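Structure, please.
(2 chains)
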Amino acid sequence: MEFVLTFNQPQAVYDYNYAPATTADGLKPWHLYIEAMMAAGIVRACQALDVHSATRVSVREGKRLVQDGPFADTKDLLGGFVMIDVPSLDDALQWAERAPCSLVGCTEVFALRTPGK
Amino acid sequence: MTPTADARAAAERAARQHYGRLLSWLAWQWRDIAGAEDALGEAFARALVRWPADGVPDAPQAWLLAVARRELLLAARRQRLADDPALRVLFPTDADASPAPQAVPDERLRLMFVCAHPAIAADVRSALMLQVVLGLDAARVASAFLVKPEAMGKRLSRAKAKIKETGIRFDEPEARELPERVAAVLEAVYGAYTLHWGDVDDAARGQLADEALYLAELVAAHLPRQPEALGLAALLGLCEARRAASRDARGAFVPLDEQDPACWNAALEQRANASLARAAALASPGPYQLEACIQAAHMHGRRTGAAPWDAIATLYAALLQLAPSVGARIGQAVAVARSTNDPAAGLALLDALDTAQVAQHQPWWAARAHLLAAQGRHVEAIEAYGRALALTAQPALRDWLAGRLAAQADVKADAQADAQSRMSAR
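Predicted coordinates for the structure are as follows:
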């Protein structure tokens, strides 16, 4: 059963994680976390996102609206995701619980929609 | 009874007796609650057609199970899944032809844990368990939770879909999750039990209460190290032990302090007290255990002729610390009034409750009426009994309240006549 876990945390955490002076410390838990998932052989896809590049597009009455991020209406910013293959939601929730961002932001878990349902 | 009526009655009996067990087993095997419900529903529908013609089978439960499994397989085939070896195992075999009725293992606890899963919204867990494990229809569950049937139906199907699509585990929870998961299961069982209070029909109430007690004892048997599971089994056992005694030969309500302890179900009472003792030995008190203790104290008091009101008031105080509720506050008010022999002290506690919360609450009006009557405030007591009467539909309880009201009216009339004769004598 496949799930996508999305990692969300506040801007300040990203600032710390990606500042040259602190990045080694900041990203270490993430490396360990992803390594553990890899070792479990469950990772189908895995990607970090550039939070600063976030751009929001919407179309209203035929007009395209483009908004530069980060967005004021969200406290936790999406900074990455994994797609994993595990037997049940319980396993996915357990992996989500271990994500470093779950301590300061949150991890959202989605089951993949199976075609034909 | 005509053959059709006979078959219908047999099917309905089988439905009540076996629904939860059959559904739990099917849902556990197929990891699909909604699919299992559809298949079992079809099996019951077919029973109503077949049994009048062929006769009721020796093992109705096994018959229903075999039909439901075939239904599930057909549905699976339609989804082109039948080639999966995991599903082939479930094809009906010769053993299904005439399996013993007890061949269906009890997977209800497993299913209850699934229903109480943290990924299922808290406000739907109890309702889901009532429907899936006890077989209550969505309309009945909806009325118990005071929401519209369509809204409840939507919530329930969404929960079942989530369980299926995300493959929520049908195993017992891990140790670190256990307390939270057990609490959710117990809450739902208690919910099922309190639901029966609303039933007007004594027989229907009895069945629902029996099912809830059965589930409570099932949970306690599976989780013998969980004091609150034992506490809940004890609480429901002690209440149910008195059920027969709470009605006289004509079906009229008999309050606890007028019941004959010889009419209590002694075996059930003993079993409940044993559960309570085992819970106490685990030295971790909780609300269900305290409520069970209060029931045990009342019953002991009735036997010995002297209720330990001090102890009961203390137990209510402890209960209110752990789990404040309107019901416990009302119980405390009566206990305080009795232990201090001061109805005014009890009335003060009742009046301290939030009016908005109690104005439509029958037990509050009944307790108030009782304490007003004890103070000789007949006019107010009559009004309070009247309000209590307007808030229950149970015939036996209505008759009893009406009787109390009439008694107050008599006392009031006597007092007036007395006063008049004294006036005229002067």
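
per-residue pLDDT, the nearest residue to residue B:315 once chain neighbours are set aside?
Of all residues beyond its chain neighbours, the one nearest residue B:315 is residue B:294 (5.0 Å), with distances taken as C-beta to C-beta, 6 or more residues apart in numbering or on different chains. C-beta coordinates here come from the backbone N, C-alpha and C atoms, glycine included. As predicted, residue B:294 sits at a pLDDT of 96.

and the residue in chain A that chain B sits nearest to, how many residues sit next to it?
In chain A, no residue comes nearer to chain B than residue A:89, which is 3.6 Å away by C-beta to the nearest C-beta. When neighbours are defined as other C-beta atoms under 10 Å in any protein chain shown, residue A:89 has 22 of them.

wait, isn't it in contact with residue B:119?
Yes. Using C-beta atoms under 8 Å, residue A:89 is in contact with residue B:119, at 5.8 Å.

Name the residues contacting each of these two.
Shared contacts of residue A:89 and residue B:119 (C-beta atoms under 8 Å, 6 or more residues apart in numbering or on different chains): B:166, B:168.

helices and strands around the lowest-mean-pLDDT helix or strand in chain A, which ones?
Scoring the helices and strands of chain A by mean pLDDT, DSSP states H and E places strand A:63-68 at the bottom, with a mean of 88. Under the contact criterion of 3 or more C-beta pairs under 8 Å, 6 or more residues apart in numbering or on different chains; DSSP states H and E, strand A:63-68 touches strand A:55-60.

List the contacts of the strand it packs on.
Applying C-beta under 8 Å, 6+ apart, the contact partners of strand A:55-60 are A:64, A:65, A:66, A:67, A:68, A:69, A:71.

One more: stretch B:317-337?
Contact with stretch B:317-337 is made by B:285-287, B:290-291, B:294, B:309, B:312-313, B:316, B:342-347, B:349-350, B:353, B:357-358, B:361, B:363-364, B:367, B:370-371, B:374, as judged by C-beta under 8 Å, 6+ apart.

Let's see that with 7 Å instead.
For stretch B:317-337, contacts defined as C-beta atoms under 7 Å, 6 or more residues apart in numbering or on different chains pick out B:286-287, B:290-291, B:294, B:309, B:312-313, B:316, B:343, B:345-346, B:349-350, B:353, B:357-358, B:361, B:363-364, B:367, B:371.

Now, these that are in strands?
Per DSSP state E, strands hold no members of those.

And those residues, which of them are buried?
If you count burial by 16 or more other C-beta atoms under 10 Å in any protein chain shown, the buried members of the contacts of stretch B:317-337 come out as B:286-287, B:290-291, B:294, B:309, B:312-313, B:316, B:343, B:346, B:349-350, B:353, B:358, B:361, B:363-364, B:367, B:371.

Excluding chain neighbours, give the residue nearest to the residue in chain B positioned nearest to chain A in space.
In chain B, the residue that lies nearest chain A is residue B:166 (3.6 Å; C-beta to the nearest C-beta). In space, residue B:166 comes closest to residue A:89 once its chain neighbours are excluded; the distance is 3.6 Å by C-beta to C-beta, 6+ apart.

before we move on, what about residue A:18?
Among residues not flanking residue A:18 along the chain, residue A:26 sits closest, at 7.1 Å (C-beta to C-beta, 6+ apart).

Quick check: residues of chain A near chain B?
Residues of chain A found near chain B (C-beta under 7 Å from any C-beta of the partner chain) are A:1, A:87, A:88, A:89, A:90, A:93, A:111.

Could you turn the buried ones of the residues you listed into a PyMOL selection?
To isolate the buried members of the residues of chain A next to chain B in PyMOL, using 16+ other C-beta under 10 Å:
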select buried, chain A and resi 1+88+89+90+93+111
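
Show the residue spans covered by the helices in chain A.
Ranges of helices in chain A, per DSSP state H, are A:11-18, A:23-39, A:89-98.

and residue A:47, bridged to which residues?
residue A:81 (DSSP bridges).

Repeat that for the one 10 residues further on.
On the basis of DSSP bridges, residue A:57 takes part in beta bridges with residue A:66.

For it, grab the count of nearby residues.
Counted with other C-beta under 10 Å, residues neighbouring residue A:57 total 8.

Distance to residue A:52 and neighbour count added to the contacts of strand A:55-60, as CSV?
Putting the contacts of strand A:55-60 into CSV (distance: C-beta to C-beta, whole Å; neighbours: other C-beta atoms under 10 Å in any protein chain shown) gives the following:
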residue, distance to residue A:52, neighbour count
A:64, 22, 8
A:65, 20, 9
A:66, 16, 8
A:67, 14, 11
A:68, 10, 10
A:69, 8, 14
A:71, 12, 12
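
May I see those arranged in CSV, with distance to residue A:15 as well?
Formatted as CSV, the contacts of strand A:55-60 follow (distance: C-beta to C-beta, whole Å):
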residue, distance to residue A:15
A:64, 30
A:65, 27
A:66, 24
A:67, 21
A:68, 17
A:69, 14
A:71, 16
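
Please name the nearest non-neighbouring residue to the residue nearest to the spatial centre of chain B.
The centre of chain B sits closest to residue B:193, judged by C-alpha atoms, centre = their mean, with a distance of 0.9 Å. Nearest residue to residue B:193, sequence neighbours excluded (C-beta to C-beta, 6+ apart): residue B:212, at 3.8 Å.

Is that neighbour in a helix, a strand, or coil?
helix (DSSP: H, G, I helix; E, B strand; the rest coil).

Tell me if I'm right that residue B:163 and residue B:115 touch.
No. Judged on C-beta atoms under 7 Å, residue B:163 makes no contact with residue B:115 at a distance of 8.2 Å.

Quick one: mean pLDDT over the lengthiest helix in chain B.
Counting residues, the longest helix in chain B under DSSP H turns out to be helix B:395-425. For helix B:395-425, the mean per-residue pLDDT is 83.

Distance from the chain centre to it, please.
36 Å (C-alpha atoms, centre = their mean, to the nearest Å).
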